[in-house]
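Student: build me a structure from this.
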Amino acid sequence: MLRELAQDLVDLIFDWGYAGIFLLMAVESSFIPFPSEIVLIPAGYLASQEKMSLPLVFLSGLGGSMVGAFINYYLAFFVGRHFLELYGKYFFISNAALDKMDNYFERHGHISTFIGRLIPGIRQLISIPAGLAKMNIVQFSFFTAFGAGLWALVLTMLGYLLGENQELIDTYLKQITIFVLCAVIIIAVVYYRHLKNKEVEQ
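Tutor: Reported below is the predicted structural model:
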C-alpha cells in the first residue's frame, strides 16, 4: 500500500520534470524515507527514451539528496543538540555520551558519512548524528555528495540501461545492493586496520 501511494506521488510530481525529481529526492533524504529507486530508475528510463536529459536527471537527484541531508543536519545541529543537552538525561543520553559522539565524528565522521549514504535504511539517518556532533560542514558536504552521488548514478543508469524490464531491474538491484554492502564491509575493515597500524607506528 505504501509503495502504491509512493508511486502515485511519483506520477504526480514527475509532471513537474526535474523539479519533481529534486523535490522527491529531498523528501526521501529527509522527512519521509522511501526507496529512492522509485524515483531515479523511472527517471533514467525516461532519459533512455530521450524524454529527459540523463545528466540533468542525475544532478536533480543528487541536488535533492543534498538538500534533504542538509535539512536533517541543520535540524540536528541547531535544534536536536540543544534539546538533548537540556533533556537528554530523560532519554538516557548524557552530556558525556554527546562528547563521545563529538570525538567520534571529529575522527571518523568522513568515513561514517560516506559509508552511511550507501547503506539502505541508514542513508537518510546518518545526517542526524553528524549534525548532533556538529561535524565539519565541508567534510559533511563532500562525503555526503560522494556517497549520494554514487547511489544516484547506479539507480539512474539502471533505469537508463534496463528500461521497463522490471524483472531484470529487481535482480540487478538486489545484486548491486549486496555488492555495495560487501564493499562497505571491506572499506570499514581496511579503515580499521589503517587506524590500528597508525597507532602501532606511534
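Student: what helix or strand is residue 68 located in?
Tutor: helix 54-75 (DSSP states H and E).
Student: can you spell out which helices and strands pack onto the very next helix or strand once past that helix?
Tutor: Once the chain leaves helix 54-75, the next helix or strand it forms, by DSSP H and E, is helix 81-87. For helix 81-87, the contact count by 3 or more Cβ pairs under 8 Å, 6 or more residues apart in numbering; DSSP states H and E identifies helix 95-116, helix 127-132 as packing neighbours. Heads up, the C-betas are built off the backbone N, CA and C, glycines and all.
Student: so which of these gets nearest residue 160?
Tutor: Residue 160 lies closest to helix 95-116 among the helices and strands packed on helix 81-87, at 24.4 Å (Cβ to Cβ).
Student: then that closest one to CSV, C-alphas only?
Tutor: Output in CSV follows, covering the C-alpha atoms of helix 95-116 (Å, rounded to 0.1, in the frame of the first residue of the first chain):
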residue,chain,number,x,y,z
ASN,A,95,26.4,15.0,28.1
ALA,A,96,29.3,12.6,28.3
ALA,A,97,27.7,10.5,25.6
LEU,A,98,27.3,13.6,23.4
ASP,A,99,31.0,14.4,24.0
LYS,A,100,32.0,10.9,22.9
MET,A,101,29.9,11.3,19.8
ASP,A,102,31.6,14.6,19.1
ASN,A,103,35.0,13.0,19.4
TYR,A,104,33.9,10.1,17.2
PHE,A,105,32.7,12.3,14.3
GLU,A,106,35.7,14.5,14.6
ARG,A,107,37.9,11.5,14.0
HIS,A,108,35.7,9.2,11.8
GLY,A,109,32.9,11.4,10.6
HIS,A,110,34.1,11.4,7.0
ILE,A,111,34.2,7.6,6.6
SER,A,112,30.9,7.2,8.6
THR,A,113,29.1,9.7,6.4
PHE,A,114,30.3,8.1,3.2
ILE,A,115,29.5,4.6,4.2
GLY,A,116,26.2,5.6,5.8
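Student: name the residues that touch that helix?
Tutor: With contact meaning Cβ atoms under 8 Å, 6 or more residues apart in numbering, helix 95-116 is reached by 81, 84-85, 88, 122-123, 125-126, 129-130, 132-136, 139-140, 142-144, 146-147, 184, 187-188, 191.
Student: what's the answer for stretch 172-189, then?
Tutor: 37, 111, 115, 118-120, 151, 154, 158, 162.
Student: could you pull up the mean pLDDT of it?
Tutor: On average, the pLDDT along stretch 172-189 is 83.
Student: now swap in stretch 23-42 and tell me
Tutor: pLDDT averaged over stretch 23-42 gives 82.
Student: next one: stretch 76-88
Tutor: On average, stretch 76-88 scores 83.
Student: now that stretch: buried residues?
Tutor: 76-77, 80-81, 84, 88 (16 or more other Cβ atoms under 10 Å).
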